[in-house]
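**Student:** Curious how this folds, go ahead:
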Amino acid sequence: MFTDVQMPGSINGLQLAHLISTRWPPIRIIATSGQLRLREDDLPKGGRYLQKPYPVSDLTDMLRELIGKQRATEM
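**Tutor:** Numbering: from 1, shown residues only. Below you'll find the predicted structure:
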C-alpha cells in the first residue's frame, strides 16, 4: 500500500497504515509526506517512509525491495 500521510477523510495515512497492518499483516506499506518527517516507529513494523519530493527511482527501488522481501517470506 502506498499512502500520503496527510489525506482527506476521517483518517490520515498513518492511521490507515496501522489499520491495514493489523487486518492484513502481509501487506507492505510505504507512506510519504512533504510536510511531516516521520520516525521509523511512527509506521507499523516493516513500514517504509519516503520524504517528498523524491525521485521516481527511489520509489521504484523501495517497491522492488519490499516485493523481494515478500517473495522471500512466501518461499
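**Student:** What count of nearby residues applies to the closest residue to residue 42 other than its chain neighbours?
**Tutor:** Closest residue to residue 42 apart from its sequence neighbours, by Cβ to Cβ, 6 or more residues apart in numbering: residue 14 at 6.2 Å. Every C-beta, even on glycine, is put in place using the N, C-alpha and C of the backbone. Neighbour count for residue 14, taken as other Cβ atoms under 10 Å: 20.
**Student:** Ramachandran angles for the residue nearest to residue 7 when sequence neighbours are not counted?
**Tutor:** With sequence-adjacent residues excluded and distances taken as Cβ to Cβ, 6+ apart, residue 7 is closest to residue 13, at 5.4 Å. Torsion angles at residue 13 (phi, psi; degrees, to the nearest 10) stand at phi -60, psi -30.
**Student:** what comes into contact with stretch 6-16?
**Tutor:** The contact list for stretch 6-16 (Cβ atoms under 8 Å, 6 or more residues apart in numbering) reads 1, 3, 4, 5, 19, 31, 33, 35, 36, 38, 42, 43.
**Student:** What number of residues are in the vicinity of residue 41?
**Tutor:** By the criterion of other Cβ under 10 Å, residue 41 has 8 neighbours.
**Student:** Can you tell me the SS state at it?
**Tutor:** At residue 41 the chain is in helix, as set by DSSP: H, G, I helix; E, B strand; the rest coil.
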